[in-house]
Every structure is written in structure tokens, then in C-alpha cells.
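In: Next come a sequence and a model predicted from it.
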Amino acid sequence: MTKIRLEIAVLNIAMHNHDKGELSYENLFHTLNNDDVEAQLDETHAACIGELNVSKQYGEQRYFLGQIYKYAKIDPERDCLNTRTKKAATDEEKKSLIVPKHLRPHFVKIPFVFIPKGHRLYIQTKHKQNLFGITKAKKLFELLIQSKEISQKFGDIEVTIEPDSAEVERLINRNDIDKLIVDIVRPNPDDIGCVEQTLLEKMKKRNLKKTKN
């Protein structure tokens, strides 16, 4: 039997204004799952949420199942090399490269699962030859939610990479570190314990969203 290795990473996507509970996250993902909403990841690739099912259930646990679509999207105005002449292609030559707007080459699907209770997004970062690192996934969602429409409708949304607790423990116990900068994201009120609750209250009093010590 062929073994398939999957690599999974986790993002914490926390809405701080979500008075409707899980429905707030459902509305957010429905808004992002729009043909007009995409993010330019770099000079050659863009991505969007291409598929979404918010009605999945495992026992009593509700979850969203989706696919990120990643594809090539280049600026046709940029220079193009003609390998025969070893020179930049002319405008006439570049016409043969024009791809219809509704077609996206180098298309790849990246599956994800989002659990609204706990607001964790589990994304497949590697499958066969397809790679989509967690840092790039974080950038994607940050770009998707930074629009004025999203901000006005849903308020502040924090996207952070879920750390490996073992790695954090190893880092803290290292003897060769003289200074450690801690980036603390304000906890989401619906998913906090006693320690986090105390921290949240302190942050509220100081009117802080992020703090560094």
C-alpha cells in the first residue's frame, strides 16, 4: 500500500468582535469565498478561497471544509524574454502570451479545515510536490481580511501561526539566549483559561491589542 505523507500546520484566526458566535466566523468565510476576493502572494502567484462548506459535522464538533486555490497571475506589462533572440519580446510577440482572464495556469488546490469553536485553521502545507508553507498561508489570510469592507463588517481580526509547544519549551530553556522578545496577541474572550483571562483583563485596562516585553 502506498504511503502518502501529509504535512499540516495551524493558524489561529481570531475575531475580537463576534457577538454572533460561530455564525460570525461563518459570515466571515462566506465573505472571503467570493470570486472577486483574491490576494496577490508575490509577483507571479495569487490565491483565494475557492471552495467552502460550512455545514460539516463530526460528532458535536462543527467545522468548515474548504480549498484554497493557488494559481499563476503575472503582470502582462512586464518584460518577457525571447529565448530565440536573447532579447526582450516585442509587444507584438507578447500578444501570443495573453491568457483569457477566466483561465489561471499552474492551478493548485490546498485543502483546509476551520473549527470555529477555538478558531483554528488546519491547512495542508505539503502534498506530493505541492508546497504551501504556513507563513504563506498567514500572508494569504492577512491580505484577504485587510480590505476596508472586511474591517468595517467584522472589526479587528488577528491571524497568527500556532506554535509548536515543544519547540516553545525548547526555545525558553536554551542557555545561549540573552534577550527574548515576546509577541502577545490579545486572547479571544470565548477561548481563554484562568491565566489568559487575567492577561486579558490587564490588557483591557491598558487598552492594549498587542504588547511586547
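Out: Thanks, I have it.

In: ok, what's across the strand from residue 70?
Out: Beta bridges link residue 70 to residue 47, residue 108 when assigned by DSSP bridges.

In: Who are the contact partners of it?
Out: Residue 70 is in contact with 41, 45, 46, 47, 106, 107, 108, 109, 110, 132, counting by CB atoms under 8 Å, 6 or more residues apart in numbering. Glycine gets a C-beta too; all of them are placed from N, C-alpha and C.

In: what's near enough to touch the last one?
Out: Contact partners of residue 132, counting by CB under 8 Å, 6+ apart, are 68, 70, 108, 110, 123, 124, 125, 126.

In: again with the second one
Out: Counting by CB under 8 Å, 6+ apart, residue 45 makes contact with 70, 71, 72, 73, 106.

In: Any idea how many residues pack against the second one?
Out: Read that as residue 71. 18 (other CB atoms under 10 Å).

In: isn't it right next to residue 103, touching?
Out: No. If you go by CB atoms under 8 Å, residue 71 and residue 103 don't touch, sitting 9.1 Å apart.

In: looking at it, residue 13 is touching residue 156, isn't it?
Out: No. Using CB under 8 Å, residue 13 is not in contact with residue 156, being 11.7 Å away.

In: ok, these two, which is more surrounded?
Out: residue 13 (21 against 12).

In: check which helix or strand covers that one.
Out: In the assignment (DSSP states H and E), residue 13 maps to strand 6-15.

In: got a list of contacts for that strand?
Out: 24-25, 28, 114, 119-127, 133-134, 137-138, 141, 154-162, 185, 187-188.

In: can I see the domain layout of this protein?
Out: As assigned by the TED database, the chain contains the domains 6-74+104-162, 163-212.

In: Okay, now the unreliable bits of this protein?
Out: 18-19, 165-169, 172, 180-213 (pLDDT under 70).

In: All the helices of it, residue numbers only.
Out: 22-32, 91-94, 134-145, 148-154, 165-172, 194-205 (DSSP state H).

In: buried ones in the second one?
Out: Going by neighbour count (16 or more other CB atoms under 10 Å), the buried part of helix 91-94 is residue 94.
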